[in-house]
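>>> need the 3D shape of this:
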Amino acid sequence: MTSSAIKRFTYDWLIRFMELTPEDANPNLGDISPLFNDCAKKYAPKFIFLKGDYYGNPSYTVPSHFKGKVVYTGDIPINSYQELAKLMRPNFHFHVTMTLWTEVDNIEFFDFKRVLGKSIKKRVAMDECQFASPVLFSELWPLVKDCEEVRLDVGNIHYEANMADMLADIGPCPRLEQVELHNLPASEAVVYPIVDLYLTTKSNRFVLTLFFNQDANVNVVKSMAAVIRQKINLLGYDFLLDSSSRTPSREIEFVCEKRV
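Numbers count the residues shown, from 1 in each chain. Here you go, the predicted model:
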């Protein structure tokens, strides 16, 4: 093998090595040797951390001509489908370990899942969202169940009647500390399995907030609140906030702490 062939092989190996760098790592390969600087500049992934006060679109921080891997971490706010579309470049990857805020109307769920499905790690808040077509709870929940905090305010989310079987297939959510769900039907078959799953959390303190749809009977909601309160009490939690004794409404809220 000639000297030039060896150099070519070595350089190709370095390029591939840099391209395959894990997305949760941030190598400073240029620090190893000045000879790596040019290769790292061209091929090493760009890691961009976005702070919580960042309200622009992440794509603006990357030149359009850059074709290497770009990995975003931190907080990514998306407030429109147009913003989301700008993140659909094939070289963009997401490891949002802190917060993902989404306020999007008329979005295709496939696009949302493809771009952001792997990015939700710790906390997700979906406020006043509306997908282009109804979304099943069983499709959305697996994307967020491993978070610590979840808020799902999705106008056209559909909660399946076979909720108990569906959640049994998806599995527990031991990290959850705060859950807020909107547009729920006043159905025991839907609500109780969700609550039972949430109560598999290993957190010593948790918040549960449920908002029911406009068709919900407030007296049925109040009765369900009493049952949920009993479930929580039997697990050894004290109530820092308890809505079950309030005037009947379409909201249930509990803030609980593990009894010492």
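>>> which residues are in contact with Pro172?
The contact partners of Pro172, taken as C-beta atoms under 8 Å, 6 or more residues apart in numbering, are Leu197, Thr200. Any C-beta I mention is one placed from the backbone N, CA and C, and that applies to glycine too.
>>> so for it, what's the pLDDT?
Predicted confidence (pLDDT) for Pro172: 87.
>>> do the one 10 residues further on as well
At His182, the model reports a pLDDT of 97.
>>> show me what secondary structure element comes after whichever helix or strand it is part of.
Element membership for His182 (DSSP states H and E) is strand 178-184. Later in the chain than strand 178-184, the nearest helix or strand by DSSP H and E is helix 188-198.
>>> and that next one, what's buried?
By neighbour count with 16 or more other C-beta atoms under 10 Å, helix 188-198 contains the buried residues Val190, Val191, Tyr192, Pro193, Ile194, Val195, Leu197, Tyr198.
>>> equivalent analysis for stretch 132-144, please.
Buried, per 16+ other C-beta under 10 Å, within stretch 132-144: Val135, Phe137, Ser138, Leu140, Trp141, Leu143, Val144.
>>> and the longest strand along the chain, which strands flank it?
In the chain, taking DSSP state E as the definition, the longest strand is strand 92-102. Strand 92-102 has the following strand partners under DSSP bridges: strand 70-78 (parallel), strand 123-131 (parallel).
>>> least reliable of those strands by average pLDDT, please.
Per-stretch mean pLDDT for the strands paired with strand 92-102 is lowest at strand 70-78 (a mean of 80).
>>> run the chain-centre distance for that strand.
Centre-to-centre, strand 70-78 and its host chain are 12 Å apart (C-alpha atoms, centre = their mean, to the nearest Å).
>>> over to stretch 192-207?
17 Å.
>>> how about stretch 231-240?
27 Å.
>>> got it, and stretch 132-150?
8 Å.
>>> now the stretch 1-150 of the chain, which segments are flagged as low pLDDT?
1-11, 13-43, 51-61, 98-99, 116-121 (pLDDT under 70).
>>> all strands of it, in order?
46-50, 70-78, 92-102, 105-107, 123-131, 135-136, 149-154 (DSSP state E, counting those that start in this stretch).
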